[in-house]
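> Would you be able to build a 3D model of this:
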Amino acid sequence: MSGGGEGRVVGNLITNPEAGIEVLHTPAGLKPPEMKKPVLVQRPCMYLASFVKSLPVLFILGIAGWSYYAYVVALVLGAMQDNLSEQVVCCVMYHIIFIMFIWSYFMTILTPPGKVSTSWMLSAGAVSSLAAAQTEEEWKTRLAAIAAEMGCRVKQRSVQGAVRYCEKCECIKPDRSHHCSVCEACTLKMDHHCPWVNNCVGFGNYKFFMLFLCYALSYCTFIAASSARHFAKFWSDSLSIGVAKYHVVFVFLVSILFSISVSSLFWYHVYLVLNNRSTLEQFRGPVFDDQTSDKDGWSLGHLNNFKEVFGLNPLLWPIPIPTHIGDGTNFPHRRAKNFTNYHSIGNSELSRPETPSRTLVNPILSTGGAVSASQTIHSNTTSVQHSGKASVMSGPLSPASPDYTSTEVVLDMNGTTRTTTVAINKDDLSELVIQ
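Residues are numbered from 1 along each chain as shown. Modelled structure (predicted):
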């Protein structure tokens, strides 16, 4: 993940102004020693490390397997044996939630979060060119030129204003991507590395991670709610199902504990989804090419933010299948004057009309509701000299008016500006209607 170190030159070393990681001047085609494949004697350590990383997953699967026995065998077939309707309802609902919980969990584990495409990787010559830079500014300039030559469109920058670059992967970082030191790869729209799924949570599996949290919370809550009555019987000695009654007690207590822990994590990620932020972006807002840090820079509104993760079809939202929108490398952002909701998809609705913004210089609003527009009305394409009065009405414009189009107007009142959305007559710029 990126850091905030200052770039500097030390001997034949130059540091990345984003991450502060020293890069050796290596000959073309060669990689630093840490990038070489492990030798044979290192492989047992790697296998041991892989096993240790999988322990949290084995723990979750062990808890899930035990809870299945405790609920179905001990509770449903044991404690509920005198109430057939309760057995049927609880058994059916339990298996539906259990299947969705396990399904989403395995999808989170097995689905790659998304890796940076090889088209974003620098050639050996480009890497050597960067290594030959003598100053931070020269390093930034060369990297920006290389990114432009490769066709890598990025809006996000490092805290020093450079195009984001990963020395370990030797690639331009797409917007919202970060290098994971555990996975040893740059992950698209990286949120965090989760040990409980032994995988990075990123662009490709974020929906599955959200569903996993949702169904895990539903699973624990349902077990706690349906076993509470029988848990109370344990203390009155009326739960006569032998040793199995201890499973009922412990499955109730464990479900309560997991409900509390999972609940906080789930609602936190609901907040992140609705605001279109990753966990990393929540802690430090992304810096854009205008050198402005904006935590809400990727936000398109709560509904569009939700659709970006879960897709356009509401019927598929609760099902752990891929429905996310986009390609993971390009994202629409609210800092643009004109943008589509999902510019990585051809057929998308406009979230803001594609009309040029205009500035009405020094408007004078009379008591009768008329605006004197004797100054120049500026556009990003033309400057129209206009004199006269513009009629202004409050309230929204009827959508049945084909002669008007919506646009943004910046009201410049002797240095004090205010942006408002108005409807403007296509044939007569003097007629503005405040929406």
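> Domains in this protein, by residue range?
Listed by automatic domain parsing, the domain ranges of the chain are 38-116+174-352, 358-434.
> Ranked by average pLDDT, which of those domains falls at the bottom?
Of all these, domain 358-434 carries the lowest average pLDDT, namely a mean of 46.
> Check the burial of residue 322 by counting its neighbours.
Neighbour count of residue 322, defined by other CB atoms under 10 Å: 12. (Each C-beta comes from the backbone N, C-alpha and C, glycine too.)
> quick one: contacts for it?
Going by CB atoms under 8 Å, 6 or more residues apart in numbering, residue 322 touches 111, 204, 207.
> Inside helices: which ones of those residues?
Of the contacts of residue 322, the ones assigned to helices by DSSP state H are residue 207.
> Just give me the closest of the contacts of residue 322 to residue 234.
Of all these, residue 234 sits closest to residue 207, with 39.4 Å by CB to CB.
> Tell me the spacing between that closest one and residue 277.
16 Å (CB to CB, to the nearest Å).
> Please say which of those two ends up with more neighbours.
Legend: neighbour count by other CB under 10 Å for residue 207 and residue 277, higher for residue 207 (26 against 23).
> Surely that one touches residue 309?
Yes - Residue 207 is within contact range of residue 309, at 5.4 Å (criterion: CB atoms under 8 Å).
> hey, what's in contact with both of the two?
Joint contacts of residue 207 and residue 309 (CB under 8 Å, 6+ apart) are residue 324.
> Tell me where the stretch 51-200 of the chain has helices.
84-110, 124-131, 136-150 (DSSP state H, counting those that start in this stretch).
> Packing partners of the first one?
With contacts defined as 3 or more CB pairs under 8 Å, 6 or more residues apart in numbering; DSSP states H and E, the secondary structure elements packing on helix 84-110 are helix 43-68, strand 199-201, helix 206-235.
> Comparing these, which stretch has the densest surroundings?
The highest average neighbour count among these, using mean count of other CB atoms under 10 Å, belongs to strand 199-201 at a mean of 25.
> Next, the contact list for the nearest residue to residue 228 once chain neighbours are set aside, please.
Leaving aside its sequence neighbours, residue 228 sits nearest to residue 252 (CB to CB, 6 or more residues apart in numbering; 6.7 Å). Taking CB under 8 Å, 6+ apart as the criterion, residue 252 is in contact with 223-224, 227-228, 230-231.
> wait, which of those is closest to residue 257?
For the contacts of residue 252, the nearest to residue 257 is residue 224 (9.6 Å; CB to CB).
> how about the nearest residue to the closest one, chain neighbours excluded?
Residue 224 sits nearest to residue 255 (CB to CB, 6+ apart), 4.2 Å away.
> just checking, the one you found touches residue 226?
No - using CB under 8 Å, residue 255 is not in contact with residue 226, being 9.6 Å away.
> host element of the residue nearest to residue 228?
Assigned by DSSP states H and E, residue 252 belongs to helix 244-274.
> just checking, next helix/strand downstream of that helix?
Trace forward from helix 244-274 with DSSP H and E and the next one is helix 279-283.
> count of neighbours near residue 313?
10.
> Residue 187 now?
By other CB under 10 Å, the residues close to residue 187 number 28.
> show me what contacts it?
By CB under 8 Å, 6+ apart, the neighbours of residue 187 are 113-115, 177-180, 200, 202-203.
> now the strands for the stretch 251-400 of the chain?
Secondary structure of the stretch 251-400 of the chain (DSSP state E, counting those that start in this stretch): strands at 287-288, 358-361, 364-365, 370-372, 377-379, 383-384, 389-391.
> Show me what counts as buried in stretch 89-105.
With burial defined by 16 or more other CB atoms under 10 Å, the residues of stretch 89-105 counted as buried are 90-91, 94, 97-98, 100-105.
> swap in stretch 260-267?
262, 266.
> Am I right that residue 230 is in contact with residue 80?
Yes - between residue 230 and residue 80 a contact is recorded at 7.5 Å, counting by CB under 8 Å.
> Let me have the contacts of residue 322 in TSV, adding distance to residue 150 as columns.
Formatted as TSV, the contacts of residue 322 follow (distance: CB to CB, whole Å):
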residue	distance to residue 150
111	28
204	23
207	30
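> And the contacts of residue 322, which is closest to residue 53?
Using CB to CB, residue 111 is the member of the contacts of residue 322 that lies nearest residue 53, at 17.0 Å.
> And for the closest one, nearest residue in space, chain neighbours not counted?
That would be residue 205: by CB to CB, 6+ apart, it lies 4.0 Å from residue 111.
> Next: residue 305.
Residue nearest to residue 305 in three dimensions, not counting chain neighbours: residue 276, with 4.0 Å by CB to CB, 6+ apart.
> quick one: contacts for that neighbour?
Counted by CB under 8 Å, 6+ apart, residue 276 has contacts 296, 298-300, 305, 308.
> one more time with 6 Å, if that's ok
Residue 276 makes contact with 298-299, 305 under the criterion CB atoms under 6 Å, 6 or more residues apart in numbering.
> Next, find the distance separating it from residue 311.
For residue 276, the distance to residue 311 - CB to CB - is 15 Å.
> and what of residue 291?
34 Å.
> These two: which has the busier surroundings?
Using other CB under 10 Å, the more surrounded residue of residue 291 and residue 311 is residue 311, with 18 against 10.
> what's around residue 135, how many residues?
Other residues near residue 135 number 12, with proximity taken as other CB under 10 Å.
> ok, it - contacts?
Listed by CB under 6 Å, 6+ apart, the contact set of residue 135 is empty.
> let's have the chain start at 38 instead
Understood, numbering begins at 38; the last thing we discussed is residue 172.
> Ramachandran coordinates for it?
As for residue 172, its main-chain torsions (degrees, to the nearest 10) stand at phi -130, psi 160.
> Now do the same for it: its pLDDT.
Confidence score, pLDDT, at residue 172: 90.
> before we move on, what about residue 66?
At residue 66, the model reports a pLDDT of 38.
> Then the one 5 residues further on?
In this prediction, residue 71 carries a pLDDT score of 43.
> same check, this time on residue 56
Model confidence at residue 56, given as pLDDT, is 46.
> Kindly report the same for residue 392.
Per-residue confidence (pLDDT) for residue 392: 38.
> ok, now how distant is residue 100 from residue 116?
Taking CB to CB, one finds residue 100 at 20 Å from residue 116.
> can you count the residues close to residue 287?
By other CB under 10 Å, 15 other residues sit near residue 287.
> Chain neighbours aside, what residue packs nearest to it?
residue 107 (6.9 Å).
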